[in-house]
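Peer 1: mind looking at a prediction? Sequence and model below.
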Amino acid sequence: MAGTRVALLAGLVALGAVAVACGGDSDSRQAKAPTKTGRAVDPTGSDDQSRCDFKGRNDREVRESTGFGSFQPNIRRVYKIVGEGVDARRVVQCREVDSNLDGMKDVVRIYDDKGEAFKEQADADFNGQVDTWITFASGRMAKVELDKNGDGKPDQFKHYIRGKLRRIERDSNFDGKPDVWEIYAGGVLERMGVDLDHDGHVDRWDRDQVAVRMAAERERKLEEEAEAKKKAKAEAADGGTDAYVSPRNR
Ligand SMILES: [Ca+2]
Ligand SMILES: [Ca+2]
Ligand SMILES: [Ca+2]
Ligand SMILES: [Ca+2]
């Protein structure tokens, strides 16, 4: 349980929820600080499963910060500098976090040129393999793909319209083709189609059944929790841009 709590705390810190309240998440250049596991942080990201694109680039600025509960920098932001002189500002391009403080980055978010979230990848079970892929549209979640059987390929697809869940497709026998379709309205499961013989066509649509309603309630609660987490994460995010401060003036 202690490990879970550490991971949860680190996750909150990664989202900025705790860091803001505690005034933590201070920028740090103290690379090579000892870690909980005895590893050291390489500022080039070569040993922490970094997926941000900054290595060997002099048009990127990298900031490492340390979340509450971590003994080492566990949040990395990569910026590009836009404009010149007094108009110069940093635009975040990539942000990656070691949520469970094992020294390996497990969540990476890529931003577009305006600093809006574009894509995210996560290793939610910390086994070193990506299992969650998120696509954003206009900064809002549009698609979430999950790998439930650990084969490296997504088998659950959640589609969102204007940030609201509309459809889930599940590949329950992991043959690469969806066989369960769930249609949502207002966060509630409206109907569910099942392809029983796996020929790619729905054989049965279920509506207004007790099981469907229970599934809807379950999904609604899960989505609410996920939305709350995403909201906290979004609020804690960089907001895309901030004023550029010359290294000389920091
Ligand atoms: Ca990690
Ligand atoms: Ca994983
Ligand atoms: Ca899979
Ligand atoms: Ca299937």
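Peer 2: Great, that's in hand. Ligands and ions are numbered 1, 2, ... in the order given.

Peer 1: show me which helix runs longest in the protein.
Peer 2: helix 210-236 (DSSP state H).

Peer 1: against which helices or strands is that helix packed?
Peer 2: For helix 210-236, the elements it packs on are helix 2-15, helix 17-22, strand 164-170, strand 180-185, strand 188-194, judged by 3 or more C-beta pairs under 8 Å, 6 or more residues apart in numbering; DSSP states H and E. C-beta here means a position set from N, CA and C on the backbone, and glycine is covered the same way.

Peer 1: which strands and helices lie in contact with the third one?
Peer 2: The one in question is strand 164-170. strand 156-161, strand 180-185, helix 210-236.

Peer 1: buried ones in it?
Peer 2: By neighbour count on 16 or more other C-beta atoms under 10 Å, the buried set for strand 164-170 is 165, 168, 169, 170.

Peer 1: return the list of strands paired to that strand, each annotated with direction.
Peer 2: Note on strand 164-170: by DSSP bridges, its sheet partners are strand 156-161 (antiparallel), strand 180-185 (antiparallel).

Peer 1: out of the ones you listed, nearest to residue 111?
Peer 2: Across these, residue 111 has its closest neighbour in strand 156-161 (18.5 Å, C-beta to C-beta).

Peer 1: C-alpha coordinates for the closest one, PDB please?
Peer 2: What follows is strand 156-161, C-alpha atoms only, in PDB (Å, rounded to 0.1, in the frame of the first residue of the first chain):
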ATOM      1  CA  GLN A 156     -10.000  -0.600 -26.300                       C
ATOM      2  CA  PHE A 157     -10.800   2.700 -28.100                       C
ATOM      3  CA  LYS A 158     -12.700   5.500 -26.400                       C
ATOM      4  CA  HIS A 159     -13.900   8.300 -28.600                       C
ATOM      5  CA  TYR A 160     -14.800  11.700 -27.300                       C
ATOM      6  CA  ILE A 161     -16.700  14.600 -29.000                       C
END
